[in-house]
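Novice: Compute the structure for the input listed below.
(one chain, ligands or ions: 2)
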Amino acid sequence: MKTPSAFYQPLAIGAPLPFRELPISLERMIHFVPPHVEKMRAKVPDLINKVDVVLGNLEDAIPADAKTDARNGFIQLAKDNDFGSTGLWTRVNCLNSPWFLDDLLKIVPAVGDKLDVVMLPKVEGPWDVHYLDQLLAQLEAKSGLARPIMIHAILETAEGVKNVEAIAAASPRMHGMSLGPADLAASRGMKTTRVGGGHPDYAVLADPEETGNARTAYQQDLWHYTVGKMVDACLSYGLKPFYGPFGDFSDAQACESQFRNAFLMGCLGAWSLHPTQIDIAKKVFSPDPAEVAFAKKILDAMPDGTGAVMIDGKMQDDATWKQAKVIVDLAELVSSKDSELAEIYGL
Ligand code: GLV
Ligand code: MG
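Specialist: Ligands and ions are numbered 1, 2, ... in the order given. Presented below is the predicted three-dimensional model:
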């Protein structure tokens with residue numbers, strides 16, 4: 001473990017200072033774009049106005065023979081567009097792949113000044129973050145970048161979940177983490193073939209009834225434990241937790257439900273892999289107007305955040321004030337980007 005003073009030193013002479021606090025940004029959906037497809041690149045100017053983060057995907061789902069085109073396509077789309085307050089991220093190939101090094105060596109010098117976050121797949125432990133951290137610092141210094149590029153880890157191996165706290169603590173460059181349920185299922189030897197979501201066989205059976213009626217099976221959330229572990233690791237280190245992909249594009253209801261569970265447990269966003277998932281994420285990860293109105297009532301009733309009051313028959317105190325503050329702060333952040341919701345929230 002580094003000493004506190006060394007922790008915030010740049011890792012290369014001439015590299016920018018790491019952030020002491022994460023920049024405040026709205027990241028309800030991280031929208032995946034396959035950058036080797038010209039038709040998809042052409043949609044980016046429109047996407048910038050619709051999503052909070054545009055991510056150029058270089059890893060899984062990009063065929064091996066398209067890896068170089070995807071990398072070049074990402075550089076092109078980064079150069080061609082002005083992203084304004086919309087985030088620009090890339091998911092690079094994993095560390096042991098033949099493509100990772102060139103992903104970094106080509107992208108950072110070309111468009112590092114526009115790149116907010118590198119998403120690193122299959123992170124197993126802090127050593128993976130340390131390697132990318134050092135490499136980014138060297139490339140930032142060489143390219144004369146003024147702003148540090150952040151790292152977002154995908155939590156998608158059994159080893160990564162075991163080491164989640166050490167990953168969160170590995171570098172001031174850490175932005176946050178996403179749950180990667182597909183790779184995680186494979187890594188853990190789970191007996192599923194899905195990308196996130198529930199499974200009908202993962203259920204608790206109700207007790208038998210004397211009547212002999214069929215017993216109800218209550219489906220459980222396969223991801224509850226991991227999301228909880230990730231949220232605690234992230235929040236205790238000041239990072240942002242995210243739910244990752246939901247692969248069944250035909251089941252909007254299940255996608256919404258999975259995203260909502262993650263939102264209620266503390267996640268700030270999810271990946272959108274299909275255009276229909278953009279609006280689902282927007283709906284779920286923007287706080288509910290009725291909740292915002294109630295939260296505002298709490299803040300108004302307790303201006304200094306202490307004491308106890310009753311509102312609509314419910315006890316409020318310092319702790320519910322803090323919960324209300326989380327919701328109102330998020331509503332304010334959403335309002336800064338979304339004028340329609342700003343009006344609905346009355347902010
Ligand atoms: C995402 O990368 C996943 O494996 O779920
Ligand atoms: Mg994966």
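
Novice: Give the buried residues for stretch 182-191.
Specialist: Of all the residues in stretch 182-191, those buried under the rule 16 or more other Cβ atoms under 10 Å are 182, 183, 184, 185, 187. Yep, even glycine has a C-beta here, placed from its N, CA and C like the rest.

Novice: Can you give the contact residues for that stretch?
Specialist: For stretch 182-191, the external contacting residues (Cβ atoms under 8 Å, 6 or more residues apart in numbering) are 60, 121-122, 154-159, 161, 192, 194-196, 222, 226, 245, 247.

Novice: filter those to the buried ones?
Specialist: Restricting the contacts of stretch 182-191 to buried positions leaves 60, 121-122, 154-157, 161, 192, 195-196, 222, 226, 245, 247, with burial counted as 16+ other Cβ under 10 Å.

Novice: CA atoms only for the host helix or strand of residue 321, dumped as CSV, please.
Specialist: Assigned by DSSP states H and E, residue 321 falls within helix 318-337. C-alpha atoms of helix 318-337 as CSV (Å, rounded to 0.1, in the frame of the first residue of the first chain):
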residue,chain,number,x,y,z
ASP,A,318,-31.0,13.1,10.4
ALA,A,319,-30.7,9.8,8.6
THR,A,320,-33.8,10.2,6.3
TRP,A,321,-32.6,13.8,5.7
LYS,A,322,-29.4,12.2,4.3
GLN,A,323,-31.4,9.8,2.1
ALA,A,324,-33.5,12.7,0.9
LYS,A,325,-30.3,14.7,0.1
VAL,A,326,-29.0,11.8,-2.1
ILE,A,327,-32.3,11.9,-4.1
VAL,A,328,-32.5,15.7,-4.5
ASP,A,329,-28.8,16.0,-5.4
LEU,A,330,-29.3,13.4,-8.1
ALA,A,331,-32.5,15.1,-9.3
GLU,A,332,-30.5,18.4,-9.6
LEU,A,333,-27.8,16.6,-11.6
VAL,A,334,-30.4,15.1,-13.9
SER,A,335,-32.1,18.6,-14.2
SER,A,336,-28.8,20.1,-15.3
LYS,A,337,-28.9,17.9,-18.5
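
Novice: which parts of that helix are buried?
Specialist: If you call a residue buried by 16+ other Cβ under 10 Å, then helix 318-337 has these buried ones: 320, 321, 324, 327, 328, 330, 331, 333, 334, 335, 337.

Novice: which one in those residues is the model shakiest on?
Specialist: Of all those, residue 337 has the smallest pLDDT value, namely 92.

Novice: Pretty sure it sits against residue 53.
Specialist: No: Residue 337 lies out of contact with residue 53 (Cβ atoms under 8 Å); the separation is 11.6 Å.

Novice: follow-up on the earlier one: from the buried ones among the contacts of stretch 182-191, which ones fall inside strands?
Specialist: Applying DSSP state E to the buried ones among the contacts of stretch 182-191, the entries found in strands are 154, 155.

Novice: Keep the buried ones among the contacts of stretch 182-191, but drop any that are not near ligand 2.
Specialist: residue 156 (Cβ under 5 Å from the ion).

Novice: Contacting ligand 1 as well, which ones from the buried ones among the contacts of stretch 182-191?
Specialist: Among those, the ones lying near ligand 1 by Cβ under 6 Å from any ligand atom are 60, 154, 156, 195, 245.

Novice: Which pair of the residues you listed spans the longest distance?
Specialist: Spatial extent of these (Cβ to Cβ) is set by the pair 154 and 195 at 12.9 Å.

Novice: helix, strand or coil for residue 177?
Specialist: Here residue 177 is recorded as strand under DSSP: H, G, I helix; E, B strand; the rest coil.

Novice: Give the bridge partners for it, please.
Specialist: residue 153, residue 241 (DSSP bridges).

Novice: tell me which helix or strand of the protein sits lowest on mean pLDDT?
Specialist: One helix or strand of the chain scores below all others by mean pLDDT, DSSP states H and E: helix 4-7, with a mean of 92.

Novice: so what does whatever helix or strand residue 78 lives in touch, helix or strand wise?
Specialist: According to DSSP H and E, residue 78 maps onto helix 67-80. Judged by 3 or more Cβ pairs under 8 Å, 6 or more residues apart in numbering; DSSP states H and E, helix 67-80 is in contact with helix 38-41, strand 53-57, helix 100-111.

Novice: gap between the shortest one and the chain center?
Specialist: If I follow you right, that is helix 38-41. Mean C-alpha position of helix 38-41 versus that of the full chain (Cα atoms, centre = their mean, to the nearest Å) differs by 24 Å.

Novice: Show me what it packs onto, helices and strands only.
Specialist: Helices and strands touching helix 38-41, by 3+ Cβ pairs under 8 Å, 6+ apart, are helix 67-80.

Novice: and the helix it packs on, which residues are buried?
Specialist: 67, 69, 70, 71, 73, 74, 75, 76, 77, 78.

Novice: sorry, back to before: and after the least confident helix or strand of the chain, which helix or strand comes next?
Specialist: strand 29-33.

Novice: hmm, back to that, need the ones next to ligand 1 among the buried ones among the contacts of stretch 182-191 in a markdown table (columns: pLDDT).
Specialist: Listed next are these as a markdown table, based on pLDDT from 0 to 100:
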| residue | pLDDT |
| --- | --- |
| 60 | 98 |
| 154 | 98 |
| 156 | 98 |
| 195 | 96 |
| 245 | 98 |
